[in-house]
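Asks: sharing a sequence plus its predicted fold:
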Amino acid sequence: MRAAYAEQAVFFDALFTLEGIEEVGAMWQMLCQAAGPDFRVVCTRAEADEHRGQAEWEAFYTFSQTGRKVHNRIQANFEFENGKIKFHEDTFRFWRWATQAFGPLGWLLGGTSFFKNKVREKVNARLEKFIQQNQEK
């Protein structure tokens with residue numbers, strides 16, 4: 001995934017706002033490693049020209065924190081520069097994802113900004129730690 005992004009790429013979704021290939025690449029590496037052996041991605045629609053692109057994709061995996069199965073449907077928008085992704089925004093229904101990932105807790109609180117912000121804080125702290133650990137290697 002890292003090779004697809006420009007040096008100054010920006011990635012944005014419900015949980016991450018990342019700038020630069022180091023952060024974006026580390027996020028994909030961390031997520032793929034955490035997803036486990038059942039991780040699967042299916043692209044259901046993609047279209048692009050030299051400057052912009054859109055895709056719909058689905059991710060299937062076991063959420064590592066709870067052991068619960070997740071099927072997330074994502075809409076992606078891209079902007080390209082010199083054949084690389086310079087902007088990538090993924091949108092998905094956070095409440096639906098939270099319900100699958102956290103079960104009853106996600107169903108109850110997944111629609112609140114409080115819960116979303118707590119999850120955002122945790123995953124961003126995990127990404128920071130992941131980046132630090134991998135820089136030391």
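Replies: On my side now, so go ahead.
Asks: residues touching stretch 87-98, excluding its own?
Replies: Residues outside stretch 87-98 that contact it (CB atoms under 8 Å, 6 or more residues apart in numbering) are 5, 9-14, 24, 70, 72-79, 106-107, 109-111, 115-116, 119. Every C-beta, even on glycine, is put in place using the N, C-alpha and C of the backbone.
Asks: quick check: end-to-end length of that stretch?
Replies: Length of stretch 87-98, first residue to last, CA to CA, to the nearest Å: 25 Å.
Asks: before we move on, the earlier item: narrow the contacts of stretch 87-98 to those in helices?
Replies: Applying DSSP state H to the contacts of stretch 87-98, the entries found in helices are Val24, Gly106, Trp107, Leu109, Phe115, Lys116, Val119.
Asks: make a ChimeraX selection of the buried ones in those residues.
Replies: Of these, the buried ones can be selected in ChimeraX as follows, counting by 16 or more other CB atoms under 10 Å:
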select :24,106,109,115,116,119
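Asks: if we can go back for a sec, report the buried members of the contacts of stretch 87-98.
Replies: 5, 9-11, 13-14, 24, 70, 72, 74, 76, 78, 106, 109-110, 115-116, 119.
Asks: redo the ones in helices among the contacts of stretch 87-98 as CSV? Include distance to Ala46 and pLDDT.
Replies: Below are the ones in helices among the contacts of stretch 87-98 laid out as CSV (distance: CB to CB, whole Å; pLDDT from 0 to 100):
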residue, distance to Ala46, pLDDT
Val24, 19, 97
Gly106, 29, 97
Trp107, 31, 97
Leu109, 33, 97
Phe115, 31, 98
Lys116, 28, 97
Val119, 28, 97
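Asks: what is the most widely separated pair among the ones in helices among the contacts of stretch 87-98?
Replies: Val24 and Trp107 (30.6 Å; CB to CB).
Asks: burial check on the residue nearest to Val123 when sequence neighbours are not counted, number of neighbours?
Replies: Excluding its sequence neighbours, the residue lying closest to Val123 (CB to CB, 6 or more residues apart in numbering) is Leu15, at 5.1 Å. The tally of other residues near Leu15 (other CB atoms under 10 Å) stands at 19.
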